[in-house]
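Visitor: Test case, fold it:
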Amino acid sequence: MQLFYNSEITENTTQFSFDKEESRHIVKVLRKSVGDELHITNGNGWWFNAKISMPNINKCTAEIVSKKLQNKHAYNLHLAVAPTKMNDRYEWFLEKATEIGFDSITPIICDHSERKIIKADRFDRILQSAMKQSLQCYLPKLNEAVMFQDYIKQDFKGNLFIAHCEETNKKSLKSRIKPKTDITILIGPEGDFSVKEIEMAIKNNFIPVTLGETRLRTETAAIVACHSVAFVNE
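Guide: Residues are numbered from 1 along each chain as shown. Coordinates of the predicted model:
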């Protein structure tokens, strides 16, 4: 089964057309014709079943025949993860975290960050691709990159955690997660959060946590955190 994505479709849409790239893929690659079924999501929870009415390689048109709203998990997981030095590692994390399930992400620029510029358009395409591949209907929100000291000043809600490697008194993340509760988790860069950043986070009600006995890369730590939340909420 292949899932397509079109953000402009709403629950009231009855007919729509794919762009030139997807139209060519549907007609030329998938060899779809009149009456063939397609599956589409708008990234806002809706799953649409449609049938092709005009299989044009430049503008493939389809009619919506049925729709349903996909169930959403009973918590909101926001990840604030520092960009990795190598972009491909961050992209891998975005792909796998989307498959596991999370709601939004903010790339945070920290004192020890080696990369301070992200490719937002590419990241968003990766989120879309992973959503479609895993047959999900909710597209995670990618926020603009922001400096840590600005990010931490927000009015946060739910459970707040910061995972770091400093030798301090920390609890296991899994032991602190409460099912069906909104969660924000901070993951630092390769050089970890600075002591100053950790102190700022704690001052703003973030709880220091550990993700296990071993030292993890940024992207691995973010995946472990994401899966821990999903596991507790199963």
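
Visitor: got the contact list for the spatially most central residue of the chain?
Guide: Nearest to the geometric centre of the chain sits Pro140, at 3.8 Å (C-alpha atoms, centre = their mean). Contact analysis of Pro140 by C-beta atoms under 8 Å, 6 or more residues apart in numbering lists Ala97, Thr98, Phe102, Asp103, Ser104, Ile105, Leu127, Met131. Heads up, the C-betas are built off the backbone N, CA and C, glycines and all.

Visitor: Go through those and name the one nearest Leu211.
Guide: Among those, Ala97 lies closest to Leu211 (C-beta to C-beta), at 14.1 Å.

Visitor: any idea which helix or strand carries that closest one?
Guide: helix 87-100 (DSSP states H and E).

Visitor: Repeat that for Phe16.
Guide: Per DSSP H and E: strand 15-17 holds Phe16.

Visitor: now Ala130
Guide: Ala130 belongs to helix 120-133, assigned by DSSP H and E.

Visitor: Point out the other elements, helices or strands, that the helix or strand following that helix touches.
Guide: Per DSSP H and E, helix 120-133 leads on to strand 141-142 as the next helix or strand towards the C-terminus. For strand 141-142, the packing partners by 3 or more C-beta pairs under 8 Å, 6 or more residues apart in numbering; DSSP states H and E come out as strand 104-109, helix 120-133.

Visitor: Name the stretch among those that sits most buried.
Guide: strand 104-109 (a mean of 21; mean count of other C-beta atoms under 10 Å).

Visitor: hang on, the earlier thing: now for the helices and strands packed on strand 141-142, which one comes closest to Ile152?
Guide: Comparing the helices and strands packed on strand 141-142 by C-beta to C-beta, strand 104-109 comes nearest, at 8.6 Å.

Visitor: Just checking: what are the partner strands of the closest one?
Guide: Strand pairing for strand 104-109, determined by DSSP bridges: strand 77-81 (parallel), strand 141-142 (parallel), strand 146-147 (parallel).

Visitor: Domain map for the chain?
Guide: By the record's domain assignment, the chain is partitioned as 3-69, 77-232 (automatic domain parsing).

Visitor: Can you tell me which of these is most buried?
Guide: domain 77-232 (a mean of 18).

Visitor: And the average pLDDT for that domain is what?
Guide: Per-residue pLDDT over domain 77-232 has a mean of 95.

Visitor: Quick check: end-to-end length of that domain?
Guide: Start and end residues of domain 77-232 are separated by 12 Å (C-alpha to C-alpha, to the nearest Å).

Visitor: Between the helices and strands packed on strand 141-142, which one is closest to Phe161.
Guide: strand 104-109 (13.9 Å).

Visitor: quick one, the closest one and helix 87-100 angle?
Guide: Orientation of strand 104-109 against helix 87-100 (axes from the mean of the first three to the mean of the last three C-alpha atoms, to 10 degrees) gives an angle of 160 degrees.

Visitor: what are the C-alpha coordinates of strand 104-109, in PDB please?
Guide: What follows is strand 104-109 as a C-alpha-only set of coordinates in PDB (Å, rounded to 0.1, in the frame of the first residue of the first chain):
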ATOM      1  CA  SER A 104       6.800  18.300  17.000                       C
ATOM      2  CA  ILE A 105      10.500  19.200  17.100                       C
ATOM      3  CA  THR A 106      12.600  22.200  17.600                       C
ATOM      4  CA  PRO A 107      16.300  22.200  16.600                       C
ATOM      5  CA  ILE A 108      18.100  24.000  19.400                       C
ATOM      6  CA  ILE A 109      21.500  25.700  18.900                       C
END
